[in-house]
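Participant: Take this sequence and fold it.
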Amino acid sequence: MIKPPRHRLVDTKVAALAVGVSEATIRKWVSRGKITRYGAPHCRSAFDIEELSAIAMGRQH
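Facilitator: Modelled structure (predicted):
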């Protein structure tokens with residue numbers, strides 16, 4: 001049986017630091033569907049560091 005890859009998750013503050021944007025921008029990206037938010041609806045948000053890394057790499061070009 002093949003297990004799906006595990007996400008390495010970080011909170012909103014770390015996500016913002018990783019990409020070089022504000023926490024408000026992270027929240028906007030979630031509402032626009034640019035990034036995936038993990039966690040229950042009324043709990044803390046978490047984000048996949050690999051997904052954020054891909055965005056950061058794209059912003060550097």
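
Participant: Next one: Lys35 relative to His42, how far apart?
Facilitator: To be clear, residue 35 is Ile; Lys isn't right here. Using CB to CB, to the nearest Å, Ile35 is found at 19 Å from His42. All C-beta atoms are positioned from the backbone trio N, CA, C, and that covers glycine.

Participant: more crowded one of these two?
Facilitator: Taking other CB atoms under 10 Å, Ile35 and His42 do not tie; Ile35 has more neighbours (18 against 5).

Participant: Let's verify the closest residue to that one other than its chain neighbours: helix, strand, or coil?
Facilitator: Distances taken as CB to CB, 6 or more residues apart in numbering put Trp29 closest to Ile35, at 4.7 Å, once the chain neighbours are dropped. Recorded secondary structure, Trp29: helix (DSSP: H, G, I helix; E, B strand; the rest coil).

Participant: how many neighbours does Trp29 have?
Facilitator: 19.

Participant: Same check on Arg44?
Facilitator: 9.

Participant: what separates it from Gly58, distance-wise?
Facilitator: For Arg44, the distance to Gly58 - CB to CB - is 26 Å.
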